Structures are given as C-alpha cells and as structure tokens.
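Engineer: next one to model:
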Amino acid sequence: MRILFLGDIMGRAGRSAVQTHLPRLRDEWRLDFVVINGENASNGMGLTGAHARLLLEAGADCVTLGDHAFDQKDMLQFIESEPRIIRPINFAKGAPGKGYRLFDAPGGRKVLVAQVLGQVFMKRPFDDPFSAIEPVLKSHPRGGLADAVIVDMHCEATSEKMAMGHFCDGRASLVVGTHTHVPTADAQVLQGGTGYLTDAGMCGDYDSVIGMEKMEPMRRFITGMPKSRFTPAVGEATLSGVFVETDDRGGTAKSVCMVRVGGRLQQSGP
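Structural biologist: Model prediction:
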C-alpha cells in the first residue's frame, strides 16, 4: 500500500498548498491512502468544519488533530458527524469524537489511524500516551484486522517521539511525529518493520517562525513583551510529510522517505 502523511497544515497558505498539490500527487504517486494533520489549518489554531471539508475534498482520507483540537468551537459538533476526523486518544475522557478508527482502502484493505498526545514540554498534563495506544495496537494487529497501521505522535520532545516509534515497532506500519512544524531528516524503517519519522514538519510558509509571520515572535523573543497576536504567514507553502510503502501481506514498511513539495524547501518524494 502506498501511503502519504502530511504534517501540520498551517493557515491559509497550508490549505492552499494542499488544494494545489494533493490531487496531482494522488495520481502521480498512485497513493492508496492519505492522512493529514489539520490542527493548525484554521488561522493557525484548530480546525473548522468548513476547512476540514476542504482538506477531505482535496484528497485526504483522514484528518488528525492535536492539542488544539477544539480551539475552533464548531469542531465539538462537527467531529461527531464526520468519522474521518480523528482527535488524540488521550485528549480528555469526555472529548467528542474518536482517537482511532479503521478505514477502508482500495482493494478491500483496511487502514487503522490513531493519534496520541505526548506529555513532555506540553502545556497540559495529558494522560500517558503509551498506555493509551497499547490496547488499540492489541485489538488491531498489523497484517490482521488492519492491513496498515498509522500512528500520529503529536508532541514536543523528539525523545518521546522516538520512544513511541520503538514502542510501536513491529506493530505499526508508520509512526510519525507532528506538532513542532520543523521537519526532521531521520526517515527510516525500524527493526520490526515500522516506518518512522520524528517530525513530518508543517505544510505552510517556511519564511516564518514555525508558520507564523516573523515580526511578532521575534519581538517577543527579543523584548519579552507581546504587542499583537500571532498570525500565520501567507507566502508560498511547502507540503511537508512522509511517504511509506507497505507490504500488503503483513503491513510492514518496505520503504519510507521524506516529502517536500513546493515552496522554499528542497524538493523530495518517492
């Protein structure tokens, strides 16, 4: 199975890049399944129902969220009616929506997508992500009930993301980190056949400070004082993420590579 995962969509620039490039990539790369992290797609904070529909219509099969899952209040209702939106398993016990779901893919195949939030350096004390993902992996074995298993590890610390990759090795097809908006260069297949990337980066304008217009973040770093709100940068965006090809017989990752399309970053892909 040929799977594309795109990192955090950042504001209007990121949404436009998805609309521009994803339909073509689905055809040219013969993609079977596409997952997008959309938690910053609406003005850099959360995701509205309207913008979620836009990402799905552009070619996403599933949209994951993150710690900003419900910053846009209409998502509280929208997620209940749209099963292709996944919020973190360990966000809150009473949160609407689901933290994992089994999706249909071409040829009668099934893809499990799950998301967990990390704990290290995060603003809120979320529940343990390792104990949260364990029963999901047990109930949806790779190569059994699920032909491919994708885990979005949304957190700050690279060490916590790496630990999750090894924790899921042999049980997931792909473990990919999101949240920091900075792509890493460590795409690899772990010993148990799990594709791994510490962070997918963002789909946004990289002439920025993690997707935000530069001046206000710089002012706060230099002076320690805010003057205005952060606003997403609106220059040409780069689609950033990871491509993995799996073995249909067991869901193991045969190959994995970083994806960079458009914008300022060096171009790469399958």
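
Engineer: could you find the closest non-adjacent residue to residue 70?
Structural biologist: Distance criterion Cβ to Cβ, 6 or more residues apart in numbering; nearest residue to residue 70, sequence neighbours excluded, is residue 76 at 5.6 Å. (C-beta placed from N, C-alpha, C; glycine too.)

Engineer: again but with residue 196, I slipped
Structural biologist: That would be residue 165: by Cβ to Cβ, 6+ apart, it lies 4.3 Å from residue 196.

Engineer: residues near that neighbour, how many?
Structural biologist: Number of residues near residue 165 (other Cβ atoms under 10 Å) recorded here: 24.

Engineer: doesn't it lie inside a strand?
Structural biologist: No - assessed with DSSP: H, G, I helix; E, B strand; the rest coil, residue 165 is helix; it does not lie in a strand.

Engineer: tally of neighbours for residue 150?
Structural biologist: With other Cβ under 10 Å as criterion, residue 150 counts 27.

Engineer: list the beta-bridge partners for it.
Structural biologist: residue 113, residue 174 (DSSP bridges).

Engineer: residue contacts, it?
Structural biologist: 3, 5, 35, 111-114, 172-174, 176 (Cβ atoms under 8 Å, 6 or more residues apart in numbering).

Engineer: just put the residues you listed in a markdown table and tack on neighbour count.
Structural biologist: Listed next are those as a markdown table, based on neighbours: other Cβ atoms under 10 Å:
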| residue | neighbour count |
| --- | --- |
| 3 | 25 |
| 5 | 25 |
| 35 | 27 |
| 111 | 24 |
| 112 | 24 |
| 113 | 27 |
| 114 | 27 |
| 172 | 32 |
| 173 | 30 |
| 174 | 27 |
| 176 | 31 |
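
Engineer: next SSE downstream of the lengthiest helix in the chain?
Structural biologist: Criterion DSSP state H: the longest helix present in the chain is helix 11-28. Downstream of helix 11-28, the first helix or strand assigned by DSSP states H and E is strand 33-37.

Engineer: partners of that next one in the sheet?
Structural biologist: Sheet pairing for strand 33-37, assigned by DSSP bridges, gives strand 2-6 (parallel), strand 62-64 (parallel).

Engineer: buried residues in the very next helix or strand once past that strand?
Structural biologist: Per DSSP H and E, strand 33-37 leads on to helix 49-58 as the next helix or strand towards the C-terminus. Counting neighbours by 16 or more other Cβ atoms under 10 Å, one finds that the buried residues in helix 49-58 are 49, 51-52, 54-56, 58.

Engineer: fine, thanks again, bye for now.
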